[in-house]
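> Coordinates for the following, if possible.
(2 chains)
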Amino acid sequence: MLDLKLIRENSDAVEKALARRNGGFSVKPLVELDAQLRKVQSEWEQLRHRSNEISETFKTGKVPKDQMDTLRQESRELKKRLEEVEPLKNELETRLVELRLGIPNIPEPTVPDGQDETFNLEVHRWGELPRLDNPRAHYELGTELGCFDFQRGVKLAESRFTVLMEAGAKIERALMNFMLDFHSGRGYREVFPPILVNRQCMIGTGQLPKFEGDFYKCADDELYLVPTAEVPVTSLYRDEVLEEEQLPIYHCAYTPNFRREAGAAGKDTRGYIRQHQFNKVELVKFCLPESSPAEHETLTRDAELVLEALGLPYRRVLLCAGDLGFAAQKCYDLEVWFPAQGKYREISSCSNFGDYQARRANLKYRPSDGGKPRFMHTLNGSGVAIGRTLAAILENFQQSDGTVKVPAVLAPYLGGRTLLTPDGLR
RNA sequence: GGAGAGGUGGCUGAGUGGUCGAAAGCGGCUUCCUGCUAAGAAGUUAUCCGGCCAAAAGCUGGAUCGAGGGUUCGAAUCCCUCCCUCUCCGCCA
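Take a look at the predicted model:
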């Protein structure tokens, strides 16, 4: 959510900044509604004021008998008028909030222009690409090695659900534990949040109300399956005022994630890249406004270190304004190399949200100089997506004999076994 | 799921129709005193929105005692609906 005063007083500048995004967002209707609301609010306040005055005179008990009825009458008339003005005021307020919730964050100045991912800027690359004559796709290789059962996944749920079998399940679990241990050893406090969350959480981080169709919802309970751990973890301190000394706060969290992939028909239909349910370890930071740019860099770096520890070649990309997520003001994607596809694919997305989510979720801190509570800044990034990591390991570390060398850092989580063969892990 | 109790300021907790944005205590902040590891005294201490103001300060209006509605000139207080928490029972990994 953007600052209403900022929109009101700099609507042209805000409009211009938002124009860098796709989607034709305009604050004009919001500015008009705001002016209208303030007019109505002013009348409403005057009515309430007079009404309060009348009550006040009663309170003193010094009202002559003959005036009491007149005042009572006036108050009743005020109330009648209020019954017209108040619903209007409420309606305008509701609409204003709805409009505000529908406005995305403003791209930060260092974010490049551009409408789509072709305008994203590569920041750097890491790792050597594997030399493979005929790299096989992770889904073929993984099925052969008994890691995936795609058909039965569909039988149990529907398309884009997969059963991980034996070595596949074990490596997935090893990755989960490895990433959690990795990050909690680097100052990220581990949390394991609810996977069903209420609507307020989804609004707080920016998923709702704009993207209603993208998420799974429990019909009878007004609860949503989390599309990312970002949602519950960012909401941890919702409606709280923390002390400045408590910041920054770093959390890491594993959750399964659920996405309807509504707009993704035909994309990545084969394989383990795009699932309705997938595992991810997420990093979330809460910090002071002035430190969020630096925190963004270190958070992204922490995600990169996971890929480096695993030995997976990747590149970092700075997203252009048109490719930026709704709530983000700046975002780096980490893309891991998929030899069979011959391209880099997103495996982590690290965003700085500024105070955008903090306004929505009401995340504040009290400055140590004793000033008024202020909105903090929030950041998060995948640290990293586990399913895609498994797929990348299969593709990058496959060998000519059909086996896969599993990264050594996972050995402690696999009973020391790091060679994936058709007969399982050895 | 059943029965009961309850939701008040950063916390504890009083308040059953106006004198209540709210006692008291704790905590926080400021000043004073003293001076040595702690204590005393006084004052101060919620959030949000609007207006005046270039802005801050300040002044001023409005809202907020779980949420929404109702009764009344007037609601933390009375009535209705909903949500949540706690205790006991039941059920259950």
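
> Wait, A:V404 touches A:L145, no?
Yes. Applying CB atoms under 8 Å as the test, A:V404 and A:L145 come out as touching, 6.8 Å apart. All C-beta atoms are positioned from the backbone trio N, CA, C, and that covers glycine.

> so what sits against both of those two?
A:394, A:420 (CB atoms under 8 Å, 6 or more residues apart in numbering).

> for chain A, what helix or strand is lowest in average pLDDT?
In chain A, no helix or strand scores lower on mean pLDDT, DSSP states H and E than strand A:240-243, which sits at a mean of 85.

> which residues does the residue in the stretch 151-300 of chain A that RNA strand B sits nearest to contact?
Nearest residue of the stretch 151-300 of chain A to RNA strand B, counting by CB to the nearest atom of the strand: A:V241, 6.5 Å away. When contacts are counted by CB under 8 Å, 6+ apart, A:V241 touches A:364-366, A:373.

> how does it look with 6 Å?
For A:V241, the contacting residues are A:364, A:366, A:373, by CB atoms under 6 Å, 6 or more residues apart in numbering.

> Would you show me how to pick out the buried ones of the residues you listed in PyMOL?
For the buried members of these, the matching PyMOL selection, counting by 16 or more other CB atoms under 10 Å, is:
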select buried, chain A and resi 364+366
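
> quick revisit: for the least confident helix or strand of chain A, which strands pair with it and how are they oriented?
Using DSSP bridges, strand A:240-243 pairs in its sheet with strand A:363-366 (parallel).

> Which residues of chain A lie near RNA strand B?
Residues of chain A found near RNA strand B (CB under 7 Å from any atom of the strand) are A:4-5, A:38, A:41-42, A:44-46, A:48-49, A:51-55, A:58-59, A:71-72, A:75-76, A:79, A:90, A:241, A:370, A:372-373.

> What about the residues you listed, which are in strands?
If you go by DSSP state E, these have A:V241 in strands.

> quick one: which of the residues of chain A next to RNA strand B sit in helices?
Taking DSSP state H, the ones among these that sit in helices are A:4-5, A:38, A:41-42, A:44-46, A:48-49, A:51-55, A:58-59, A:71-72, A:75-76, A:79, A:90.

> residue ranges with poor pLDDT in chain A?
Flagging of chain A using pLDDT under 70 yields the residue ranges A:61-63.

> that older thread, among the ones in helices among the residues of chain A next to RNA strand B, the buried ones, what's the PyMOL command?
Buried members of these, defined by 16+ other CB under 10 Å, are picked up in PyMOL with:
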select buried, chain A and resi 44+51+54+75
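
> How far off centre is the strand or helix carrying A:M68?
Using DSSP states H and E, A:M68 sits in helix A:65-101. Here helix A:65-101 is found 39 Å from its chain centre; the criterion is CA atoms, centre = their mean, to the nearest Å.

> What is that helix packed up against?
Helices and strands touching helix A:65-101, by 3 or more CB pairs under 6 Å, 6 or more residues apart in numbering; DSSP states H and E, are helix A:28-60.

> Now find how far off-centre the helix it packs on is within its chain.
When distances are taken as CA atoms, centre = their mean, helix A:28-60 is centred 37 Å away from the chain's centroid.

> which residue ranges form the helices in the stretch 101-250 of chain A?
Using DSSP state H, counting those that start in this stretch, the helices of the stretch 101-250 of chain A run over residues A:138-144, A:150-156, A:166-184, A:199-205, A:230-234.

> CA atoms of the second one as PDB?
Listed next in PDB are the C-alpha coordinates belonging to helix A:150-156 (Å, rounded to 0.1, in the frame of the first residue of the first chain):
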ATOM      1  CA  PHE A 150       4.200 -38.300 -12.500                       C
ATOM      2  CA  GLN A 151       1.300 -40.500 -13.500                       C
ATOM      3  CA  ARG A 152       0.300 -41.400  -9.900                       C
ATOM      4  CA  GLY A 153       0.600 -37.800  -8.900                       C
ATOM      5  CA  VAL A 154      -2.100 -37.000 -11.300                       C
ATOM      6  CA  LYS A 155      -4.100 -40.000 -10.100                       C
ATOM      7  CA  LEU A 156      -4.000 -38.800  -6.500                       C
END
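
> Mind listing what's buried along that helix?
Those buried within helix A:150-156 under the rule 16+ other CB under 10 Å are A:150, A:153.

> And the contacts of it?
By CB under 6 Å, 6+ apart, helix A:150-156 touches A:161-163.

> and what of the shortest one?
Under the contact criterion CB under 6 Å, 6+ apart, helix A:230-234 has outside partners A:193-194, A:197, A:201, A:205, A:226, A:251, A:253, A:282, A:284, A:357, A:378, A:380.

> Narrow the residues you listed to those that are buried.
A:193, A:197, A:201, A:205, A:226, A:251, A:253, A:282, A:284, A:357, A:378, A:380.

> Would you agree the fifth one is in contact with A:P193?
What it means is A:V226. No. Judged on CB atoms under 6 Å, A:V226 makes no contact with A:P193 at a distance of 7.8 Å.

> so who does the residue nearest to A:T255 when sequence neighbours are not counted touch?
The shortest distance from A:T255 to any non-neighbouring residue, by CB to CB, 6 or more residues apart in numbering, is to A:A229 (4.1 Å). A:A229 sits next to A:253, A:255, A:282 when contact means CB under 6 Å, 6+ apart.

> Can you give me the distance of whatever residue of the stretch 251-400 of chain A ends up closest to RNA strand B to A:Y365?
The stretch 251-400 of chain A approaches RNA strand B most closely through A:K372 (5.1 Å), counting by CB to the nearest atom of the strand. Remark: distance between A:K372 and A:Y365 (CB to CB, to the nearest Å) = 11 Å.

> More neighbours: the two, which one.
Neighbours were counted for A:K372 and for A:Y365 using other CB atoms under 10 Å; A:Y365 has more, 25 against 8.

> which residues does that one bridge with?
A:L242, A:R374.

> That one against A:E245, yeah?
No. Contact criterion CB under 6 Å: A:Y365 and A:E245 do not qualify, at 9.1 Å.

> residue ranges of the strands in the stretch 251-400 of chain A, please?
A:277-287, A:314-318, A:330-338, A:343-352, A:363-366, A:374-375, A:377-385 (DSSP state E, counting those that start in this stretch).

> out of the ones you listed, which comes closest to A:G424?
With CB to CB, the closest approach to A:G424 among these belongs to strand A:277-287: 21.0 Å.
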